[in-house]
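Engineer: Just to be clear, the model below is a prediction. Sequence and coordinates:
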Amino acid sequence: MNRCIGVILVVPLLLVLAACAPTHHVSLPTKPHSSGSANDAASASAVPSTSAKPIVTTPAVPPKINAPDYLINGTPNVPDANGEWFGEWAFFTDSTKRVWCELSVFSGDGPGANCYIVPGAKGQATYAIPASIQNNCDSQDSIDTDGYGLGLGLDLQGDPANPESGWAGCSTDYFMPPADLAKSKVLPDGATLAVDPFTCTVASGVATCVFNDTYDGKTGTITLGLKVATFSQT
């Protein structure tokens with residue numbers, strides 16, 4: 001009987017021990033969440049941005065021009081012994097110095113402005129010269145023209161109904177004295193020279209000059225470059 005009781009007592013003990021044994025679970029490790037971790041920063045930087053900042057371009061500011069810097073002859077607004085004054089301003093349209101413009105204002109006469117292809121660059125001009133233009137330049141008549149100059153105001157040749165602008169002058173030393181060319185500066189690209197009643201602007205070696213004739217209430221315009229020669233009136 002003692003042997004049987006021992007066996008009976010052992011079995012309940014094993015059941016109790018089995019009930020108390022811990023249960024083992026297998027699970028994947030969980031990464032702790034941290035909003036400021038290095039891993040989060042690296043992940044964020046690896047994601048391409050979907051809202052790129054727009055590129056803002058600033059318009060080019062035209063160079064500021066002082067008219068006295070382009071004065072080559074005369075003393076504007078300073079009367080001489082006769083009570084008259086004269087001023088002449090001039091410029092090249094770019095550093096190649098192939099197109100030259102001059103503006104002349106007289107206190108006792110009408111103003112005038114001209115743009116020319118310089119003598120040494122006539123062979124580089126590609127615009128069409130009208131058949132009506134006669135190359136009869138003899139350095140005696142100021143209205144002679146050879147098709148390499150345009151003018152505003154005085155001494156123009158072309159449409160009689162269009163006296164504010166037209167063909168004018170010749171590509172010679174008479175109309176473009178070497179001494180005047182030597183004193184002339186380049187007007188920067190995009191800049192405007194204003195000498196009342198004229199304004200001249202250059203762009204890529206091309207000059208566009210406007211004459212606001214307040215006396216006649218008209219406006220004349222000339223545009224001259226190696227590839228273009230046009231004039232108009234409004």
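Structural biologist: Thanks, I have it.
Engineer: Of all the residues in stretch 94-109, which ones are buried?
Structural biologist: Residues D94, R98, V99, W100, C101, E102, L103, S104, V105, S107 are the ones in stretch 94-109 that count as buried (16 or more other Cβ atoms under 10 Å). From N, CA and C alone the C-beta is placed, and that goes for glycine too.
Engineer: Can you verify my assumption that T230 contacts T208?
Structural biologist: No - T230 is not in contact with T208 according to Cβ atoms under 8 Å; the separation is 9.3 Å.
Engineer: between those two, which one's more packed in?
Structural biologist: Between T230 and T208, counting by other Cβ atoms under 10 Å, T208 is the more crowded of the two (20 against 13).
Engineer: The closest residue to that one other than its chain neighbours pairs with what?
Structural biologist: What sits nearest to T208 in space, not counting adjacent residues and going by Cβ to Cβ, 6 or more residues apart in numbering, is T223, at 4.6 Å. T223 has these beta-bridge partners by DSSP bridges: T208, T230.
Engineer: follow-up on the earlier one: output the buried residues of stretch 94-109 in CSV; the columns should cover secondary structure, distance to G169 and pLDDT.
Structural biologist: Shown next, in CSV, are the buried residues of stretch 94-109 (DSSP: H, G, I helix; E, B strand; the rest coil; distance: Cβ to Cβ, whole Å; pLDDT from 0 to 100):
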residue, secondary structure, distance to G169, pLDDT
D94, coil, 20, 98
R98, coil, 16, 98
V99, strand, 13, 98
W100, strand, 11, 98
C101, strand, 11, 98
E102, strand, 10, 97
L103, strand, 14, 97
S104, strand, 12, 96
V105, strand, 17, 95
S107, coil, 22, 91
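Engineer: Which parts of this protein are strands?
Structural biologist: 71-74, 86-92, 99-106, 112-117, 149-152, 165-167, 185-186, 192-195, 198-203, 206-213, 218-224, 229-233 (DSSP state E).
Engineer: Show me what counts as buried in the first one.
Structural biologist: Counting neighbours by 16+ other Cβ under 10 Å, one finds that the buried residues in strand 71-74 are L71, I72, G74.
Engineer: Where does the prediction get shaky in this structure?
Structural biologist: 1-52, 56-59, 139-142, 154-162 (pLDDT under 70).
Engineer: D138: which of the buried residues of strand 71-74 is nearest?
Structural biologist: D138 lies nearest to I72 out of the buried residues of strand 71-74, by Cβ to Cβ, at 25.1 Å.
Engineer: rewinding a little: just say which of the strands of the chain is most tucked in.
Structural biologist: Mean neighbour count, computed with mean count of other Cβ atoms under 10 Å, is highest for strand 149-152 among the strands of the chain, reaching a mean of 29.
Engineer: And it, what does it pack against?
Structural biologist: strand 112-117, strand 165-167, strand 206-213, strand 218-224 (3 or more Cβ pairs under 8 Å, 6 or more residues apart in numbering; DSSP states H and E).
Engineer: Indicate which one of those is closest to V186.
Structural biologist: Of those, nearest to V186 by Cβ to Cβ is strand 206-213, at 11.5 Å.
Engineer: Show me what that closest one is packed up against.
Structural biologist: By 3+ Cβ pairs under 8 Å, 6+ apart, strand 206-213 packs against strand 99-106, strand 112-117, strand 149-152, strand 198-203, strand 218-224.
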